[in-house]
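*Asks:* Let me see the structure of the following:
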Amino acid sequence: MNMRVFYKGLLSLLGFFSVQKKAESEVNIASWGTAVQSTTFYGLNHDWSAQNALDGLNNICTRTEEQSDPWWKLDLKKTYSVNRVTITNRLICCVNWIDGAEIRIGNDSSDVFSNPVCAVVSSIPAGATYSFSCPGMEGRYVIVNIPGTSKTVTFCEVAVYVIFPGNLATGRTVIQSSTDGYWFAHQAIDFNPGFTNSWSACSSTDIQTNPWWRVDLGYIYRVSRVVITNIPDCCPERINGTEIRIGNSLENNGNNNPTCAVISSLPAGVSSTYTCNNMEGRYVNLFIPGNSRILTLCEVEVYEEVSNLERSLAHDESSPLMKQGASRPERIQHKSTTNCFDAVTLHEVFVEEALPPCLLGGNARLPVFVEEALPPLPTRRKRPITRANKLEHKVEKEEEREEVVEQEEGVK
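*Replies:* Just a heads-up that it's a prediction; the model follows:
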């Protein structure tokens, strides 16, 4: 195998880790919004309000009056790309009332029937939850309506699932200089932008000198951009002057690391992207210098750029790693002193090949990756030495020698 094949395999491996480290997260965002319905049924000593479908309780339901073309509508407060919608039917009574319901997703609030249809509900058994796929449909509003006369919309739960790709901050360790009440640091990485009940979806420090918030990404990454979402209601001006810092030092709680950007101002509830040009770092800090300041954040997203080549090779079935079943390496260890790999055990496709200087302890640079301890691959079996094997090996060597000669003659 020549070095071209080796490098293709290595790129495939690097692309694999890029994809693995930035796995997508599917999140139910229904409770982030508010619901209304065409009418509300009052009776049977129950509350049948539209918001009941978002409370997580399968025994408290929503219900309209009997009418023509009844509907239920969820306002997500901003446009999302919806992956799927689930509906939980009532457990007792009237389970067939959901039959024929249309699930719509779009941006028209006034004419709900003009929004595109994701799916039509044929039926849902009593108390069951059915999932309806809507991959890539974009909209701020999710509508459940039943066309026709003398109809009633009633069900117990609706969930709306959105896929959030590649946020490096997801699930990481976060800390802030102080905490105001229930405004915990981790709420800035929970995907929820805080359009309803910001106190349970956003982070905030107390009033203090030089407040800060920090996420530990766990490993060194090349950060291409950071996205910040400001609080949607009170005091959006608090974020003015916030510095985004990225680096590997915890000196002064990480606030001395290089600056990516400074937030001059950000309107209430708005998300803004700040380009960091592949700054390297393990820690991302949000820091406001000054006295009597409060740092409030509703969402912090951190992204690393992935090249099209890495992304395509990570799914390339013709790649040596993928083709020969080596979807994972046994071990890759990041050498922090030289920003290179100091120990590599790869699939047998790389065995007995000349490795680049970086992999032999040189100072050449490769993309920053991390230590991974993965299940070992099957042990390579040595072929028994036979006369046929020796002959085959001799022929291969002769062919390689002939190729070298031909290349040298071509150069001359």
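*Asks:* Only C-alpha atoms from now on, for both contacts and neighbour counts.
*Replies:* Fine.
*Asks:* what's near enough to touch residue 258?
*Replies:* Listed by CA atoms under 8 Å, 6 or more residues apart in numbering, the contact partners of residue 258 are 245, 246, 247.
*Asks:* Can you tell me which of the residues you listed is nearest residue 196?
*Replies:* Proximity to residue 196 was ranked across the contacts of residue 258 by CA to CA; first place goes to residue 245, at 28.9 Å.
*Asks:* Relative to residue 253, how far out is the residue lying closest to that closest one once chain neighbours are set aside?
*Replies:* The spatial neighbour of residue 245 that comes closest, neighbours along the chain excluded (CA to CA, 6 or more residues apart in numbering), is residue 259 at 4.3 Å. Residue 259 sits 14 Å away from residue 253, taking CA to CA, to the nearest Å as the criterion.
*Asks:* now residue 83
*Replies:* In this view, residue 83 and residue 253 are 39 Å apart by CA to CA.
*Asks:* Those two - which one has more neighbours?
*Replies:* In this comparison of residue 83 against residue 253, neighbours counted by other CA atoms under 10 Å, the higher total goes to residue 83 at 19 against 16.
*Asks:* got any ranges where this protein has weak pLDDT?
*Replies:* Across the chain, residues meeting the criterion (pLDDT under 70) sit at 1-23, 306-395, 404-412.
*Asks:* Mind doing that once more with 50?
*Replies:* 1, 4-8, 11-22, 309-378, 380, 382 (pLDDT under 50).
*Asks:* Break it down into its domains, please.
*Replies:* In the assignment given by automatic domain parsing, the structural domains of the chain cover 3-19+308-373, 27-164, 167-304, 387-412.
*Asks:* Out of the contacts of residue 258, flag the one nearest to residue 287.
*Replies:* Proximity of the contacts of residue 258 to residue 287 (CA to CA) peaks at residue 245, which lies at 7.6 Å.
*Asks:* Which elements pack onto the host helix or strand of that closest one?
*Replies:* With elements delineated by DSSP states H and E, residue 245 resides in strand 242-247, which encompasses its position. Taking 3 or more CA pairs under 8 Å, 6 or more residues apart in numbering; DSSP states H and E as the contact definition, the neighbouring helices and strands of strand 242-247 are strand 259-263, strand 271-287.
*Asks:* Contacts for it next, please.
*Replies:* 254-264, 279-289.
*Asks:* Give the partner strands of it in its sheet and their orientations.
*Replies:* The strands beside strand 242-247 in its sheet (DSSP bridges) come out as strand 259-263 (antiparallel), strand 271-287 (antiparallel).
*Asks:* contacting residues around the longest one?
*Replies:* Taking CA under 8 Å, 6+ apart as the criterion, the residues outside strand 271-287 that touch it are 210-230, 242-249, 254-255, 260-261, 266, 295, 304-305.
*Asks:* Which parts of it count as buried, going by neighbours?
*Replies:* Judged by neighbour count (16 or more other CA atoms under 10 Å), strand 271-287 contains these buried residues: 271, 274, 276, 279, 280, 281, 282, 283, 284, 285, 286, 287.
*Asks:* Just name the closest of those to residue 55, please.
*Replies:* Within the buried residues of strand 271-287, proximity to residue 55 (CA to CA) peaks at residue 271, which comes in at 26.6 Å.
*Asks:* Can you redo the strands paired with strand 242-247 as TSV, where the extra columns are distance to residue 40?
*Replies:* Output for the strands paired with strand 242-247, formatted as TSV (distance: least, CA to CA, whole Å):
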stretch	distance to residue 40
strand 259-263	45
strand 271-287	35
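*Asks:* Which among the ones you listed is found nearest to residue 126?
*Replies:* Each of these was scored for nearness to residue 126 using CA to CA, and the closest is strand 271-287 (40.8 Å).
*Asks:* Please report how far residue 124 lies from residue 63.
*Replies:* Taking CA to CA as the criterion, residue 124 is separated from residue 63 by 16 Å.
*Asks:* out of the two, which sits in the busier spot?
*Replies:* A count of neighbours by other CA under 10 Å puts residue 63 above the other of residue 124 and residue 63, at 25 against 18.
*Asks:* can you give me the strands in the stretch 151-300 of the chain?
*Replies:* Chain-ordered strands for the stretch 151-300 of the chain, with DSSP state E, counting those that start in this stretch as the definition, fall at 154-155, 157-164, 173-176, 203-204, 212-229, 242-247, 259-263, 271-287, 296-297, 299-304.
*Asks:* and if you look at the stretch 1-150 of the chain?
*Replies:* Remark: strands assigned in the stretch 1-150 of the chain by DSSP E, counting those that start in this stretch are 25-28, 34-37, 42-43, 46-47, 62-63, 71-88, 102-106, 117-120, 129-145.
*Asks:* what's the closest of the ones you listed to residue 169?
*Replies:* Of all these, the one in closest proximity to residue 169, counting by CA to CA, is strand 25-28 (11.8 Å).
*Asks:* So what touches the closest one?
*Replies:* Strand 25-28 is contacted by residues 159, 160, 161, 162, 163, 164, 165 when judged by CA under 8 Å, 6+ apart.
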